[in-house]
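Undergrad: Need a 3D model of the following:
(2 chains)
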Amino acid sequence: MKVTQSAKEKTKLKILNAAVDLITIKGFDNASLREIAKEAGVSNPTIYNYFPTKQKLLYAYIEQKHKEAIEAISKIEGFDNFSFREQLQSLIETELELYLEDREFVAQISDMVFSNSGLKINMLYETNKEFTEVVKEMLEVAVEAGEFELIPFSEHLPLLLWDYYIMVVAYWLKDESENFENTTEFIDHSLALVESILRSDIIGKASNLGSFLFKTHILSSLNKFASTKSHFDGIKKRLTKVFGDE
Amino acid sequence: MNKIPTSKIGRGAVVGKAAVKIGLKKSKRAIFGGDKKQNNEEIADIVFEALSRLKGVSVKIAQHIALGMPFLPDEIVEKISKSFNQITPINRALIRKVIKTELGSYPEEIFEEFELEPFAAASLGQVHRAKYKGKEYAIKVQYPGIGKSIKSDMAMLKGVLKLFAKGDRIEHVVKEVEDRLVEELDYTKEAKNCQYFQEINRNPNIVIPTVNSEISSQKVLATEFLSGVGLDNYMKTEPTQESINFYADTILQNYYNTLHSSNHTIHADPNPGNFIFLDNGKLAIIDFGCVKSVSKEFLKYYSKLHQMLFKQDSDDKIIELYKSLKMIQEPTKEKALEYYKEVIKPLDRVYIEPFLEDIYNFKDSNFAKKGYDIIQEVQKKQFTTIGNTNEDILFLDRSILGYYGMFEKMGATIDSKAIKEIIIDFNRSDVCI
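TA: Coordinates of the predicted model:
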């Protein structure tokens, strides 16, 4: 892991690492900020200064991994020549690679998000800036390079892809195949689909004629989910924003 | 790139769709009559469409099917052949991921150089050029998850092919092909095969590439990079007849030499893509994922049989040998003779024609066409026991036919005498069965 020069960053990382270790062992609810401070070798006031709540620790962790992944992929030789799909695939695979040693910790976050705990998926949106910004950039470059045409609603695409990414992480956490081969395959196939949709201009065509069908279909099925599982609310809300309310 | 169907349901849907379409075509023909060839072409288009949707493992299956099922209409075999080189590409992101998973680090961390774009398709994957510790390598990388596809792909392809084939012969072939494919999934087996063939090779003109196990795994195989061209490009160089004959003899003699070597194992994939005509004039044999071993006992009978066929021994003697090989199981002597004359003898004539004289010229022999016609003819014969075949014989004969096809394409004249000597030597060295 590359540690940045500034002492502040160093302290932050020290606390994050301690938090991951402690929460993995004791569970999120049972690990207190005091204990985490002790584990990290910082004072109580210091830790509260960096992370007023335990939840902020989780957000910071996710943001940190986004940053590390982006840094890692930017170092890949010839990355600029990768297609949009290859770039996105590299980003997601690299994130999973980074999560690997903290897998139990990530599983805890996921369980909290997908069960009725205080942590809602909407709150995780606070952490997606790094991810969505780099995806937006990849998209812009791809459009500029003529890989595919600018599609309607493209401003919402990075966010939708972030939702997709969350889904991949959830899938990965449940994946019991050797070397998480199923996840690799899942990512490859689903991104092939994303790519072919982007290239086929299907969204452009759909938006002209059949968008209301698509919209009605998606929103109504999301409604069904939403009545039982609250974490779809956020996705629904944003989809509603994308397609507008009738 | 289009979406590759992943789930069993997805794949089923694709082939199912093709089967439905074929069903429609068939009934259309039944109702409206129509041109049979035209219909075959249309069906071939549909099969091809389904195959290219399945991609991945299907390419490999198609290869085997085309070799193993000469009874398929020409047009269909042609379409299937076209799908050979259309393997699902592993993109640059995925290649990095697979290398990291399999070898522990990203390619740029392991290799001095690693080309993320493949230079060739391979069995169940693709091949990349790389440099490791100063040496050039060809790195074969397997498509992740392809193993899971084999069973469902085979089951459904069987469904489609059943529309063409009579009897249960298809079950045998499909099973055999499936077994080979499952074996091919583990590249460490191929590495071992490579080593074996290297050890038994006595011909200085044949190169078997060396595997580097440091940078190999079950799904990654690193072999030394060999500089040369494939058959098509070799033919484009307008080689001399002497050169063509040299290569054909080298290939065929190697086949018979390996068959009669210690493990009785052959390279069972006579696909022209598995031979590289090297810049230094030698011949490289690659891709040892598909090998076939036979028992010594079987080989005794098989070689004896060939010796008798070459000598054109009496039908009675040959039938006895076929009975030992369980190729003929007719209850009465008359039935056995009839079956032999109607089914086996015409097929044998195809296989042994090149061995009747001391040399055989494949050029303008129209060999494949003649063989195909005879097989078509035999197919029409109604024999209840047509399903009773010896799988080992089928496999060996299929390989030999594959080589014949290649030699015809090359326009080679082969040294038949040399092959006969290999067989006779073997029989002489170990006479008691």
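Undergrad: Give me the residue ranges of chain A where confidence is low.
TA: In the predicted model of chain A, residues A:1-5, A:116-118, A:120-121, A:201-246 satisfy pLDDT under 70.
Undergrad: Spell out which residues of chain A are next to chain B.
TA: Applying C-beta under 8 Å from any C-beta of the partner chain, we find that chain A lies next to chain B at A:76-78, A:82-83, A:85-87, A:89-90, A:93, A:97, A:179, A:181-182, A:184-186, A:188-189, A:192-193, A:195-196. Where you see a C-beta, it was placed from the backbone N, CA and C, and this is true even at glycine.
Undergrad: Make a PyMOL selection of whichever of those turn out to be buried.
TA: In PyMOL, this line selects whichever of the residues of chain A next to chain B come out buried by 16 or more other C-beta atoms under 10 Å in any protein chain shown:
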select buried, chain A and resi 76+82+83+85+86+87+89+90+93+97+181+182+184+185+186+188+189+192+195
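Undergrad: Which elements pack onto the helix or strand where A:D111 lies?
TA: Counting by DSSP states H and E, the element that carries A:D111 is helix A:103-114. With contacts defined as 3 or more C-beta pairs under 8 Å, 6 or more residues apart in numbering or on different chains; DSSP states H and E, helix A:103-114 has these neighbours: helix A:7-26, helix A:54-74, helix A:121-124, helix A:157-174.
Undergrad: After the third one, which helix or strand is next?
TA: It refers to helix A:121-124. Using DSSP H and E, the helix or strand that follows helix A:121-124 towards the C-terminus is helix A:129-144.
Undergrad: For that following helix, list every residue counted as buried.
TA: Neighbour counts over helix A:129-144 (16+ other C-beta under 10 Å) mark A:130-132, A:134-136, A:138-139, A:142-143 as buried.
Undergrad: ok, so of the residues you listed, who is nearest chain B?
TA: Lowest distance from chain B to those (C-beta to the nearest C-beta) belongs to A:M138, with 12.0 Å.
Undergrad: Isn't that closest one up against A:F84?
TA: Yes - using C-beta atoms under 8 Å, A:M138 is in contact with A:F84, at 5.6 Å.
Undergrad: Report the residue ranges of every domain in chain B.
TA: With domains defined by automatic domain parsing, chain B comprises B:8-88+B:145-183, B:92-142+B:186-292, B:294-429.
Undergrad: touching chain A at all, the second one?
TA: Yes - judged by C-beta under 8 Å from any C-beta, domain B:92-142+B:186-292 comes into contact with chain A at B:92-94, B:96-98, B:100-101, B:108, B:116.
Undergrad: Identify the residues contacting B:V350.
TA: Shown in contact with B:V350 (C-beta atoms under 8 Å, 6 or more residues apart in numbering or on different chains): B:370-371, B:374-375, B:401.
Undergrad: Could you save those as a markdown table and add columns showing neighbour count and distance to A:Q108?
TA: As requested, the contacts of B:V350 are exported to a markdown table (neighbours: other C-beta atoms under 10 Å in any protein chain shown; distance: C-beta to C-beta, whole Å):
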| residue | neighbour count | distance to A:Q108 |
| --- | --- | --- |
| B:K370 | 13 | 71 |
| B:G371 | 21 | 66 |
| B:I374 | 16 | 69 |
| B:I375 | 16 | 64 |
| B:L401 | 21 | 61 |
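Undergrad: residue contacts, the residue of the stretch 151-300 of chain B found nearest chain A?
TA: Using C-beta to the nearest C-beta, the single residue of the stretch 151-300 of chain B nearest to chain A is B:K219, 9.3 Å away. By C-beta under 8 Å, 6+ apart, the contact set of B:K219 is B:98, B:102, B:125, B:141-142, B:144, B:187.
Undergrad: Tell me which of these fall in helices.
TA: Using DSSP state H, B:98, B:102, B:187 are the members of the contacts of B:K219 that sit in helices.
Undergrad: Tell me how many other residues crowd the last one.
TA: A count of neighbours around B:Y187, defined by other C-beta atoms under 10 Å in any protein chain shown, yields 26.
Undergrad: any idea which element the closest residue to it other than its chain neighbours lies in?
TA: Of all residues not flanking B:Y187 in the chain, B:L221 sits nearest, at 4.1 Å (C-beta to C-beta, 6 or more residues apart in numbering or on different chains). Element membership for B:L221 (DSSP H and E) is strand B:220-224.
Undergrad: which strands and helices sit next to that strand?
TA: helix B:92-103, strand B:135-142, helix B:187-200.
Undergrad: Tabulate those (TSV), appending mean pLDDT.
TA: Converted to TSV, the helices and strands packed on strand B:220-224 look like this (pLDDT from 0 to 100):
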stretch	mean pLDDT
helix B:92-103	94
strand B:135-142	95
helix B:187-200	94
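Undergrad: Among the residues of chain A next to chain B, which are located in strands?
TA: In strands, defined here by DSSP state E, there are no members of those.
Undergrad: Drop everything from the residues of chain A next to chain B that is not in helices and list the rest.
TA: If you go by DSSP H, those have A:85-87, A:89-90, A:93, A:97, A:181-182, A:184-186, A:188-189, A:192-193, A:195-196 in helices.
Undergrad: Which residues are in contact with the residue lying closest to A:L16 once chain neighbours are set aside?
TA: Counting by C-beta to C-beta, 6+ apart, A:Y61 is the residue found nearest to A:L16 once chain neighbours are left out, at 5.6 Å. Neighbour list for A:Y61: A:16, A:19-20, A:102, A:105, A:109 [criterion: C-beta under 8 Å, 6+ apart].
Undergrad: Thanks again, I'm all set now.
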